[in-house]
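Asker: how does the following fold in three dimensions:
(2 chains)
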There are 2 protein chains.
Amino acid sequence: MKAMNKGILIVLSGPSGCGKDTVLSQLIDSNEDIKVSVSMTTRKPRGLEVDGKDYYFVTREYFEKKIAEGSMLEYAEYNGNYYGTPKAPVDEMLNSGINVVLEIEVQGAAKIRQLYPDAVTVFLLPPSLATLEKRLRERGTEDEETLSHRLYIGEQEILRASEFDYYVINDKIRDALTDFETIIKAEKLKITRNKNIINEVINNV
Amino acid sequence: MKAMNKGILIVLSGPSGCGKDTVLSQLIDSNEDIKVSVSMTTRKPRGLEVDGKDYYFVTREYFEKKIAEGSMLEYAEYNGNYYGTPKAPVDEMLNSGINVVLEIEVQGAAKIRQLYPDAVTVFLLPPSLATLEKRLRERGTEDEETLSHRLYIGEQEILRASEFDYYVINDKIRDALTDFETIIKAEKLKITRNKNIINEVINNV
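Answerer: Residues are numbered from 1 along each chain as shown, chains lettered A, B, ... in the order given. You can find the predicted model right below:
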């Protein structure tokens, strides 16, 4: 019998407006063995966002209670709101062999790497800063001041991409998706993630 | 202008009879940016092997002179013959942005990793030891004693696969080729291999 491998923890970061949500939802749709971890946040729902699917929308009081209990994998304050990842559901999925994607802010990625040294970190880049600005404007959810603040933060985040394992450029969504899938397929072929493969080859009849 | 990246050095090892030559020749045929480094050996040519293409076939005296000059990247003695890789042509190709595959014995791979810490090491596995034996018999180039010696060495080599970065199982050649290409494509997306990508995104108009 083939031994089951643990799932791969994949950290996806990138500046606001680079298309993380779109890439991620298509990735989940076309790969049964990849699930996304649902984050918790104290910010208000935006547009058609659904509680329990896009985020768990909670109060500051509830979020701070979870932090105090030590049941958050990581959390950060960003634009005045908490964002974070509850730990238990992630570990459950990994132990069941499911690959889990965490979509988190850049500052959270470093913390994940400490807790899960074999996590794979991917930074989603826009083709250029100009493209990022264009996409943020098209989204049309922010006023001018918030937008220019987001762009400033975006540039600071891009400068930290060097802390990540892989980059994917989101120019054409189809290409970005293929690159993302390629990274995950290659990581599955790492010998450290397949400790039983040698015994299987030696003992296979 | 897009800055050119150095080529990736890919080390391919695996037991005799696992199909390294076949995988490699198909890989080269379908990927223009991948070249194979030609090894030097003191063993006699086998079948249709061509000097300067399959190997540089040289005398022991010549090989030992090259070792003394320090112009071998790695070398090993195996089954009473020297096998090794001349260093200069490999460095030239890497500096021109060409990805270079070294097909070398397992004992040589560790040496390459010391000299090129960012080399990618891939171990080609047969689906089982029984398949390996079958393939060696079908090749029909060895007598029974040599064959059982090769099989013994093959098993010892497979036990060292854990020292490699990636494994590829050569069951169906087409799948093995796809896996190999996936590994190279993913490695090209490593941020450490693309130091200019951040500046390009920040400065692109």
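Asker: elements contacting the helix or strand of chain A with the lowest mean pLDDT?
Answerer: Ranked by mean pLDDT, DSSP states H and E, the weakest helix or strand in chain A is helix A:106-115, scoring a mean of 85. The contact analysis (3 or more Cβ pairs under 8 Å, 6 or more residues apart in numbering or on different chains; DSSP states H and E) places helix A:106-115 against strand A:9-13, strand A:72-78, strand A:81-86, strand A:120-125. The way it works is simple: take the backbone N, C-alpha and C, and place the C-beta from them, glycine included.
Asker: orientation of it relative to strand A:9-13 in degrees?
Answerer: If you take axes from the mean of the first three to the mean of the last three Cα atoms, to 10 degrees, helix A:106-115 sits at 160 degrees to strand A:9-13.
Asker: worst average pLDDT in the helices and strands packed on helix A:106-115?
Answerer: Note on the helices and strands packed on helix A:106-115: lowest mean pLDDT is at strand A:72-78, with a mean of 89.
Asker: flag every buried residue along it.
Answerer: Using 16 or more other Cβ atoms under 10 Å in any protein chain shown as the test for burial, strand A:72-78 gives A:72-75, A:78.
Asker: stretch A:55-69 now?
Answerer: For stretch A:55-69, by 16+ other Cβ under 10 Å, it's A:55-58, A:63, A:66.
Asker: coming back round to it: any idea which of the helices and strands packed on helix A:106-115 gets closest to residue A:152?
Answerer: strand A:72-78 (13.3 Å; Cβ to Cβ).
Asker: so what are the sheet partners of that closest one and their directions?
Answerer: strand A:81-86 (antiparallel) (DSSP bridges).
Asker: run the chain-centre distance for the partner strand.
Answerer: The chain centroid and the centroid of strand A:81-86 are separated by 13 Å under Cα atoms, centre = their mean, to the nearest Å.
Asker: tell me which residues are up against that strand.
Answerer: Residues outside strand A:81-86 that contact it (Cβ atoms under 8 Å, 6 or more residues apart in numbering or on different chains): A:37, A:39-43, A:56, A:60, A:63-64, A:66-67, A:71-77, A:102, A:104-105, A:108.
Asker: can you check stretch A:17-36 too?
Answerer: A:7, A:10, A:12-14, A:93, A:97-103, A:124-126, A:132-133, A:135-136, A:139, A:150, A:154, A:168, A:170, A:173, A:176-177, A:180-181, A:184.
Asker: and it, how far apart are its ends?
Answerer: Taking Cα to Cα, to the nearest Å, stretch A:17-36 runs 19 Å from one end to the other.
Asker: up against chain B, what does chain A have?
Answerer: For chain A, the contact set with chain B under Cβ under 8 Å from any Cβ of the partner chain comprises A:123, A:125-130, A:155, A:158-159, A:161-162, A:164-169, A:179, A:182-183, A:185-187, A:189-191, A:194-195, A:197-198, A:201-202, A:204-205.
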